[in-house]
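> sharing a model that was predicted from the sequence below.
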Amino acid sequence: MIELEGLTKRFGSKVAVDDLSFTVRPGVVTGFLGPNGAGKSTTMRMMLDLDNPTSGSVRIDGKHYRELQEPLKYIGALLDAKAMHGGRTAYHNLLCLAQANRIPASRVAEVLDTVGLTAVAKKKTKGFSLGMGQRLGIASALLGDPEILMFDEPVNGLDPEGIHWIRNLMKQLAAEGRTIFVSSHLMSEMALTADHLIVIGQGRLLADTSMADFIHQNSRSYVRLRSPQQERLRDVLHQSGLTPVEAGNGTLEIDGATTEQVGELAAEHRIVLHELSSQRASLEEAFMQMTASAVEYHAHSAPGHGPQWAPRDKGA
Amino acid sequence: MASVPAVLQSEWTKIRTVASTSWTLVSAFVVTVAVGALLCALLASTFDDLPPTEQATFDPTLFSFSGMALGQLAMVVFGVLVVGTEYSSGMIRTSLAAVPQRATFLFSKIVVAGVLALVVGTATSFLSFFLGQALLGERATSIGEENVLRAVIGGGLYMGLIALFSMGVAAMLRSSMLSLGILMPFFFLVSQILAAVPYAKDVARYFPDQAGSKIMQVLPQTWNGDEVPYGPWGGLGIMLLWVAASLLGGFAVLGKRDA
């Protein structure tokens, strides 16, 4: 269990992490989601006591990281793939970590085998590809067989095969009852792996919810339609108590309606429809909506947003 | 707290599994011994051409360490790389995640690297002395003469302390390139030039290398050897203060700054 309490980090006048409090519970995969620059990596570095918080604290099983005896046996972390000495072999990079925490040397060969790097164990790591570096970083996280594992953007820059492998590994580790804390800036990635979700934007906590709740609350279903007789159609819909919303390109969207209902209504009033479909907003859209106000680096090309939902371009 | 023997073992593994350790230490050894031997051989054949005052104040022990001015630079590189590559490679974050106690981490590293530098330095010093004396022929001194053994052991201490000083500087600057960019010209040029400039040398004699190298001098008044207000051990003491300051500075930076 990891507990963050009022964790804050300022770099000069810039607030990177702003009064963050949440708990990472054991036995599930907790996704740590936020746009680039939201403060995810800074938070994770503070969890490992690499960066000093401006205020607040992090406790791991009730202890401060610096109080942990042989911390690799409690918590393993992959922060960045290249955090190894390139002039050392993969085996020796792991061996010096193992020795520092009195982990038997035989474990080094085991984790290298787990991540599929046995064949290059005696190679210097500077020649490693990003994917191999990522695997080596994961091997170092697994070294102490810890109950808690932290991965910062583990799928970044990986090929599909590597992404698939990491996803399965995380699921397997969670199934073994471990605490998994994994950051990403991709909602779609989280939807596949996480059970619980923590969303931050500009260093602030935006959501701390189970994945199921998040999906339930944020996947809106609506009906989309197009008609050459839009004016009449709107009147008819209003009369039936439905509120169509202009969505650009001559389409209308109606929340809380069914295609059957709308289709029968149009037929009854002999209105021609060019499109009638049932839609679901994606989790990615819900995430973007949630963080829209908190995104640090806006792409200024798409200013117009729908009234309540989905940032879609109007006639762009 | 992390187990200190375990961390020492880990740091030893780190040091012995990178190529830079062997090439820097071998360079320090070979350059010091070879340059010293060359200069000794050269001097032995031209000694009679020297003015009588210089012949009278010739210090064969100190002269056999002439290669150290160059060889110490390899020791500087060794010290800088031991600490600096943790930062340049990003390994520092992995290392501190494994050993979050900053004092245990840094001082284990320094003890391991320092002992290694001291051993290599001592071997370098003894070989430079014996080879130099063999080549100096009738001008040579012997290890049994007064203060000679002190000077030879001091030569080893000097090499080790130069490496330790460099480790502290690298820990403060957190960069190999920056540390080398400052230390190499300092030890090779700045310090040695200032030591020859009037007035400036009154300050330069308190520089770590100028003060520390007095331990290798047997005759108090040798060539260009101005009288200094401290003895050989006093000079080494001054160097030790520099080393302590740089290591404590390095420790303070490691404790305060984000990794």
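Everything's here; your move. Numbering: from 1, shown residues only, chains lettered A, B, ... in the order given.
> what about A:Lys126, distance to B:Ser89?
Between A:Lys126 and B:Ser89 the distance, using C-beta to C-beta, to the nearest Å, works out to 9 Å. Where C-beta positions appear, they are placed from N, C-alpha and C, glycine not excepted.
> find residues that contact each of the two.
Common neighbours of A:Lys126 and B:Ser89 are listed as A:Gly86 (criterion: C-beta atoms under 8 Å, 6 or more residues apart in numbering or on different chains).
> compare the two (neighbour count), which wins?
Taking other C-beta atoms under 10 Å in any protein chain shown, A:Lys126 and B:Ser89 do not tie; B:Ser89 has more neighbours (23 against 13).
> look at A:Gly256 and report its pLDDT.
Reading off the per-residue confidence, A:Gly256 sits at a pLDDT of 79.
> wait, I meant B:Ser191
The predicted structure scores B:Ser191 at 88 on the pLDDT scale.
> ok, now which ones touch it?
B:204, B:207, B:209-210.
> and A:Ile75, by the same measure?
With contact taken as C-beta under 8 Å, 6+ apart, A:Ile75 is in contact with A:2, A:48, A:60, A:65, A:68, A:146-150.
> show me the helices in the chain, by range?
Chain wasn't specified; assuming chain A. Listed in chain order, the helices found in chain A under DSSP state H are A:40-47, A:90-100, A:106-114, A:130-142, A:160-175, A:187-193, A:211-218, A:230-239, A:259-268, A:283-291.
> looking at chain B here, not the other one
Along chain B, counting by DSSP H, helices occupy B:4-16, B:19-46, B:52-56, B:60-64, B:68-89, B:91-98, B:102-136, B:148-173, B:176-185, B:191-194, B:200-204, B:208-212, B:232-256.
> go through those and name the closest to A:Val272.
Taking C-beta to C-beta as the measure, those were each checked against A:Val272, and helix B:91-98 came out nearest at 63.9 Å.
> who's in contact with the closest one?
With C-beta under 8 Å, 6+ apart as the test, helix B:91-98 has contacts from A:45, A:48-50, A:71-72, A:77, A:79-80, A:83-85, A:93, A:97, A:100-101, A:140, B:10, B:85-86, B:102, B:105, B:259.
> pLDDT of that helix, averaged?
Throughout helix B:91-98, pLDDT has a mean value of 94.
> and what of stretch B:127-141?
For stretch B:127-141, mean pLDDT rounds to 94.
> now it: how far from the chain's centre is it?
Chain-centre distance of stretch B:127-141: 22 Å, with C-alpha atoms, centre = their mean, to the nearest Å.
> ditto for stretch B:9-29
Relative to the chain's own centre, stretch B:9-29 is displaced by 16 Å; criterion: C-alpha atoms, centre = their mean.
> how far does it stretch from one end to the other?
With C-alpha to C-alpha, to the nearest Å applied, stretch B:9-29 spans 25 Å between its terminal residues.
> which parts of it count as buried, going by neighbours?
Of the residues in stretch B:9-29, those buried under the neighbour-count criterion (16 or more other C-beta atoms under 10 Å in any protein chain shown) are B:9-15, B:17-18, B:20-21, B:24-25, B:27-29.
> which non-adjacent residue is nearest the residue in the stretch 101-250 of chain A positioned nearest to chain B?
Going by C-beta to the nearest C-beta, chain B is nearest to A:Arg102 of the stretch 101-250 of chain A, at 4.9 Å. Setting aside the residues directly before and after it, A:Arg102 is nearest to B:Ala6 in space (C-beta to C-beta, 6 or more residues apart in numbering or on different chains), at 4.9 Å.
> my guess is the one you found meets A:Ala100, correct?
Yes - using C-beta atoms under 8 Å, B:Ala6 and A:Ala100 qualify as a contacting pair, with a distance of 5.8 Å.
> quick one: which of these two has more around it?
When B:Ala6 and A:Ala100 are compared for neighbours, A:Ala100 comes out ahead with 28 against 20, by other C-beta under 10 Å.
> just the pLDDT for the closest residue in space to that one that isn't next to it in sequence.
The spatial neighbour of A:Ala100 that comes closest, neighbours along the chain excluded (C-beta to C-beta, 6+ apart), is B:Ser10 at 3.7 Å. Residue-level confidence at B:Ser10 comes out at 97, pLDDT.
> could you pick out which of the contacts of A:Ile75 are near chain B?
Restricting the contacts of A:Ile75 to those adjacent to chain B (criterion: C-beta under 8 Å from any C-beta of the partner chain) gives A:48, A:65, A:68.
> check contacts around B:Leu81.
Contacts of B:Leu81 were listed using C-beta under 8 Å, 6+ apart, and they are B:20-21, B:24, B:170, B:176.
> pick the one among the residues you listed closest to chain A.
Relative to chain A, the closest of the contacts of B:Leu81 is B:Ser20; by C-beta to the nearest C-beta it sits at 6.8 Å.
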